[in-house]
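S.K.: predicted coordinates and the sequence they were generated for:
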Amino acid sequence: MRKKTGYADEPLKFGKRVKDFLPPPSELVRRGQTEQVTLELSRSSLDFFRKRARRGGVPFRRMLSGLIDAYARKHDSA
């Protein structure tokens, strides 16, 4: 068995709260005209999207593409 992690009883410090403007992972599955690119991601980010895509029954690459599209739309008008 794995050793349990012990946590200190100290107060947590949080910074400024940022409004979440991105849609939930389940809505990141739209399809449109695409172009293939190579992208390096951290293992933890990739695992997160693979799990969420599996839950939603969609390909994780399409979900990642939707996330990037949502980010671009949000900041394109700025």
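M.R.: Okay, I see it.
S.K.: quick one, helices of the protein?
M.R.: For the chain, helices defined by DSSP state H occupy the ranges 43-56, 60-76.
S.K.: what helices or strands is the longest one leaning on?
M.R.: With contacts defined as 3 or more C-beta pairs under 8 Å, 6 or more residues apart in numbering; DSSP states H and E, the secondary structure elements packing on helix 60-76 are helix 43-56. Bear in mind the C-beta positions are built from the backbone N, C-alpha and C, glycine included.
S.K.: rounded mean pLDDT for the helix it packs on, please.
M.R.: For helix 43-56, mean pLDDT is 92.
S.K.: Ala70 and Pro23 touch, don't they?
M.R.: Yes: if you go by C-beta atoms under 8 Å, Ala70 and Pro23 touch, sitting 5.8 Å apart.
S.K.: so these two - more neighbours on which side?
M.R.: Neighbours were counted for Ala70 and for Pro23 using other C-beta atoms under 10 Å; Ala70 has more, 16 against 13.
S.K.: what stretches of this structure score poorly on pLDDT?
M.R.: Within the chain, the segments meeting pLDDT under 70 span 1, 26, 28-32, 78.
S.K.: repeat that with 50
M.R.: For the chain, no stretch is flagged by pLDDT under 50.
S.K.: nearest residue to the middle of it?
M.R.: In the chain, the residue lying closest to the centroid (C-alpha atoms, centre = their mean) is Phe49, at 6.1 Å.
S.K.: that older thread, got TSV for the helices of the chain, with distance to Pro11 too?
M.R.: Listed next are the helices of the chain as TSV, based on distance: least, C-beta to C-beta, whole Å:
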stretch	distance to Pro11
helix 43-56	26
helix 60-76	33
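S.K.: closest one to Lys19 among those?
M.R.: Comparison of the helices of the chain against Lys19 by C-beta to C-beta identifies helix 60-76 as nearest, at 11.1 Å.
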